[in-house]
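Visitor: predicted model and sequence follow; I will ask about them next.
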Amino acid sequence: PKPAKAAAAPGQPSVEANARRGQPERASRATSRRAGSARLQYIAGRAASTMPLQEQKYSTGRVIEHKKPSTHAEHELVIPFAQLRSVVIRLQDEMQKTSAAWDTKGSMNKNWELLFKRLDADFSGRLDYAEFVKAVREGLRLDTSDKELQALWTYIDHDKSGEVSLAEFQHGLYLLILEGWERITDDDLERVVLTLNAA
């Protein structure tokens, strides 16, 4: 089916009016633009109606659900929060030392990505618990108990899929760090904003 002729934009002369005024080039460009736009809309509409979104699955076969990021309250704590947070802080410290040994100058996120890629044995883009333990024990050489490692895994793998992506891993660590920060009052926040505005 041919796309319908597009009307001129409000306040703009029509293609025909431009052609009558002796501006065939401008009229031609406008016609071409409108036709191109109509073709793209037609193609996009056809694609949306004929091609359903592909369902993504974990390597375990479980369907990946696209949801908003989780909150701390949605994660399971099996050991006291302060103890679990201290594991994360030690993990971050070891990651910095490992990054220095690798001579990488990237951000912490980039360095976690490097570690993930080195330890993702099946190249799935996800780590299972065995790969996670290997990452901590062999990759980072972190001295921590099995109970603490299991507790951290339980917290990070909050959807109980048995696997975590790099994004899930980093998000879980971030939540544990963030949750331990001191709460700022409205007055303190206002002072910070005033200080920043004055700078």
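Guide: That came through, no problem. The structure displayed is predicted, hence computed values, not measured ones.
Visitor: every contact and neighbour count from this point should use C-alpha atoms.
Guide: Fine.
Visitor: okay, buried residues for stretch 137-154 please.
Guide: 139, 140, 142, 148, 149, 150, 151, 152, 153, 154 (16 or more other C-alpha atoms under 10 Å).
Visitor: hmm, I typed the wrong one, I wanted stretch 76-85.
Guide: 76, 77, 84, 85.
Visitor: SS state for the nearest residue to the second one once chain neighbours are set aside?
Guide: Looking back up the chat, that one is residue 77. In space, and not counting its chain neighbours, residue 77 is closest to residue 155: 6.1 Å by C-alpha to C-alpha, 6 or more residues apart in numbering. State at residue 155, reduced to three classes by DSSP: H, G, I helix; E, B strand; the rest coil: helix.
Visitor: low-confidence ranges in the chain?
Guide: 1-67, 102-109 (pLDDT under 70).
Visitor: tell me where it has helices.
Guide: Here the chain has its helices, by DSSP state H, at 15-20, 24-50, 81-102, 108-119, 129-134, 146-156, 166-179, 186-198.
Visitor: what's the angle from the fourth one to helix 166-179?
Guide: To tie it back to what came earlier, the one meant is helix 108-119. Between the axes of helix 108-119 and helix 166-179, defined by axes from the mean of the first three to the mean of the last three C-alpha atoms, to 10 degrees, the angle is 140 degrees.
Visitor: dump the residue contacts of the closest residue to residue 168 other than its chain neighbours.
Guide: Among residues not flanking residue 168 along the chain, residue 156 sits closest, at 6.7 Å (C-alpha to C-alpha, 6+ apart). Listed by C-alpha atoms under 8 Å, 6 or more residues apart in numbering, the contact partners of residue 156 are 75, 164, 168, 169, 171, 172, 173.
Visitor: what is the most widely separated pair among these?
Guide: Greatest spacing in the contacts of residue 156, by C-alpha to C-alpha: 75 and 164 (13.6 Å).
Visitor: the two: which has the busier surroundings?
Guide: When neighbours are counted by other C-alpha atoms under 10 Å, residue 75 and residue 164 differ, and residue 164 comes out ahead with 23 against 17.
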